[in-house]
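Undergrad: Sequence and predicted structure are below.
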Amino acid sequence: MCRTKEEAIIYLLLYYFSRAIYLYTILLVVYALLSWFPGGYQSAIGRFLRKICEPYLSLFDRLPLHIGPIDFTIAVAIIVLNLASEALIMIITRFLI
C-alpha cells in the first residue's frame, strides 16, 4: 500500500512504463510474424512497424544471432528488453520507495 502521494505517483508511472514495454513487445512479435507473409513488410502496417521496430533491432545487428536460416535477433531483443525493464523497475522500487 502506498504511504504517500509521491509513492502512488511513482507506482502509477511504473505501471504505465511496464504496459508500454508490453505493448512494444507485442509490436516486435507482430513485426516478426510479418516475415511469414509475402509483402508483409511493404504493407501499411509493415511500414509503420518497421519505423518503430528497426531502430531497436538494429542494436543487435552486429551480434551473431543467425543459426542457419533462422534469425534469433527479435527473440534476443525481446528478452533483453523485458529483462532491462524488470531490472529498472526493481531498482526504482527498491531505492526510491
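TA: Cool, the structure landed.
Undergrad: The top helix by length along the chain - contacts with which helices or strands?
TA: In the chain, assigned by DSSP state H, the helix with the most residues is helix 5-33. With contacts taken as 3 or more CB pairs under 8 Å, 6 or more residues apart in numbering; DSSP states H and E, helix 5-33 sits against helix 44-57, helix 73-95. For the C-beta atoms, the positions are set from N, CA and C on the backbone; glycine is no exception.
Undergrad: What average pLDDT does that helix get?
TA: Average pLDDT, helix 5-33: 94.
Undergrad: count of neighbours near residue 33?
TA: Residue 33 has 12 neighbours, counted by other CB atoms under 10 Å.
Undergrad: repeat for residue 74
TA: 19.
Undergrad: right, and it touches residue 28 too?
TA: Yes - the criterion here is CB atoms under 8 Å, and residue 74 meets it with residue 28 at 5.7 Å.
Undergrad: anything in contact with each of those two?
TA: Contact criterion CB atoms under 8 Å, 6 or more residues apart in numbering; residues shared by residue 74 and residue 28: residue 57.
Undergrad: Buried residues in the longest helix of the chain, which are they?
TA: Neighbour-count burial for helix 5-33, with 16 or more other CB atoms under 10 Å as criterion, is recorded at 10, 14, 21, 24, 25, 28, 31, 32.
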